[in-house]
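**Student:** Kindly return the folded structure for what I paste below:
(one chain, ligands or ions: 1)
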Amino acid sequence: MIDFKNKSVIITGSARGIGKAIAMKFAELGGKIVITDMNEEATKATAEELKSKGFTAIAVPCNVTNDEQALALIETTQKEFGSVDVLINNAGITKDGLLMRMKKEQWDAVINVNLNGVFNTTQAAIKYMMKQKSGSIINLTSIVGIYGNAGQTNYSASKAGVIGFTKSCAMEFASRGIRVNAIAPGFIETDMTAAIPENIKEGMTKAIYLGRTGQPSDIANAAAFLASDAASYITGITLEVSGGGFKTGGGH
Ligand code: NAI
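**Tutor:** Prediction:
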């Protein structure tokens with residue numbers, strides 16, 4: 001039976017979407033939840049929502065691209081909950097465009113949030129996990145980081161970077177009882193994918209082997225498994241949660 005009783009669980013970008021669904025799942029499983037997002041108001045609102053359901057949660061607004069804020073996030077978690085047990089690096093953005101027309105700012109922004117952000121929070125958290133000799137880190141990558149996708153060179157590069165980072169961290173910290181894994185979602189219905197035009201979405205859905213788009217709860221279930229003792233012999237992997245992927249290849 002999976003449970004996170006007495007465990008602190010930090011989920012970056014958890015004010016909405018997949019992050020929020022992960023937060024809700026871990027709260028249901030007894031975790032002490034740190035809602036953190038760059039959107040300060042939404043961070044507080046989501047934490048309040050959890051508390052109103054009787055769960056333990058705090059709101060710590062943080063932009064993961066800022067290393068001082070990332071450090072403060074981890075220090076606050078330690079202070080409030082007494083340990084840093086689970087870190088889920090979920091915050092991410094897209095700024096799509098064909099490479100020929102991609103602006104340097106589009107490239108930098110995506111690498112900065114999706115890759116540098118993961119570095120910032122992980123480096124801050126690992127210090128505490130090393131001392132505890134326990135911990136679990138889950139990084140949100142994407143099937144695009146594995147297979148690529150036209151129009152997403154910046155995003156796929158950032159997500160491929162996350163996979164490499166995950167594998168190397170797993171090797172560096174295994175002897176300290178810290179596991180590091182990644183989840184590669186396919187097409188998941190959130191605000192991020194809401195911007196995709198309806199006709200394209202329809203075509204993409206038809207191309208998914210399991211015949212449906214994914215829900216944030218599909219990712220939350222995978223995260224709960226990977227972070228739990230049920231996965232205690234699993235580290236360094238990238239778990240694809242994508243309905244079998246696209247018959248056409250690629251993805252989002
Ligand atoms: P979303 O756009 O609905 O939510 C992302 C959250 O991250 C937002 O609340 C946003 O404020 C926050 N955020 C953005 N930049 C931040 C920063 N610098 N610091 C702190 N918070 C920041 O996105 P969604 O769909 O929930 O995605 C979550 C993760 O899953 C992302 O890493 C995304 O790349 C990944 N993913 C999503 C897929 C999908 O189909 N929705 C597919 C594959 C991966």
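
**Student:** Surely Ser83 forms part of a strand?
**Tutor:** No: Ser83 is assigned coil when assessed by DSSP: H, G, I helix; E, B strand; the rest coil, not a strand.

**Student:** Was I right to think it contacts Gln132?
**Tutor:** Yes: Ser83 lies in contact with Gln132 (C-beta atoms under 8 Å); the separation is 6.2 Å. All C-beta atoms are positioned from the backbone trio N, CA, C, and that covers glycine.

**Student:** how about the residues of the chain near the ligand?
**Tutor:** Within reach of the ligand by C-beta under 6 Å from any ligand atom, the chain has these residues: 12-13, 15-19, 37-39, 63-65, 90-93, 113, 117, 140, 142, 185, 187-188, 190-193, 252.

**Student:** Could you give me the ChimeraX selection string for whichever of the residues you listed are buried?
**Tutor:** Buried residues within the residues of the chain next to the ligand, by 16 or more other C-beta atoms under 10 Å, are selected in ChimeraX with:
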select :12,13,15,16,17,18,19,37,38,63,64,65,90,91,92,93,113,117,140,142,185,187,188,190,193,252
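
**Student:** Now do the helices in the stretch 101-250 of the chain.
**Tutor:** 104-111, 117-132, 143-147, 153-173, 191-194, 198-207, 216-227 (DSSP state H, counting those that start in this stretch).

**Student:** Need those in CSV (columns: mean pLDDT and distance to Asn181).
**Tutor:** Formatted as CSV, those follow (pLDDT from 0 to 100; distance: least, C-beta to C-beta, whole Å):
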stretch, mean pLDDT, distance to Asn181
helix 104-111, 98, 22
helix 117-132, 98, 12
helix 143-147, 97, 14
helix 153-173, 99, 7
helix 191-194, 92, 21
helix 198-207, 94, 26
helix 216-227, 98, 5
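
**Student:** between these, which gets nearest to Ala70?
**Tutor:** Minimum separation from Ala70 across the helices of the stretch 101-250 of the chain (C-beta to C-beta) falls at helix 117-132, 3.8 Å.

**Student:** elements contacting the closest one?
**Tutor:** Contacts defined by 3 or more C-beta pairs under 8 Å, 6 or more residues apart in numbering; DSSP states H and E place helix 117-132 against strand 8-12, helix 67-81, strand 86-89, strand 135-140, helix 153-173, strand 178-185.

**Student:** who's in contact with that helix?
**Tutor:** 10, 12, 64-67, 70-71, 73-75, 78, 83-85, 87, 89, 91, 135, 137, 139, 162, 165, 169, 173, 176, 178 (C-beta atoms under 8 Å, 6 or more residues apart in numbering).

**Student:** Selection in ChimeraX covering whichever of those residues are buried, please.
**Tutor:** Buried residues within these, by 16+ other C-beta under 10 Å, are selected in ChimeraX with:
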select :10,12,64,65,70,71,73,74,78,83,84,85,87,89,91,135,137,139,162,165,169,173,178
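
**Student:** Count the neighbours of the residue nearest to Asn66 when sequence neighbours are not counted for me.
**Tutor:** Using C-beta to C-beta, 6 or more residues apart in numbering and skipping the chain neighbours, the partner closest in space to Asn66 is Asn120 (7.4 Å). If you count neighbours by other C-beta atoms under 10 Å, Asn120 ends up with 25.
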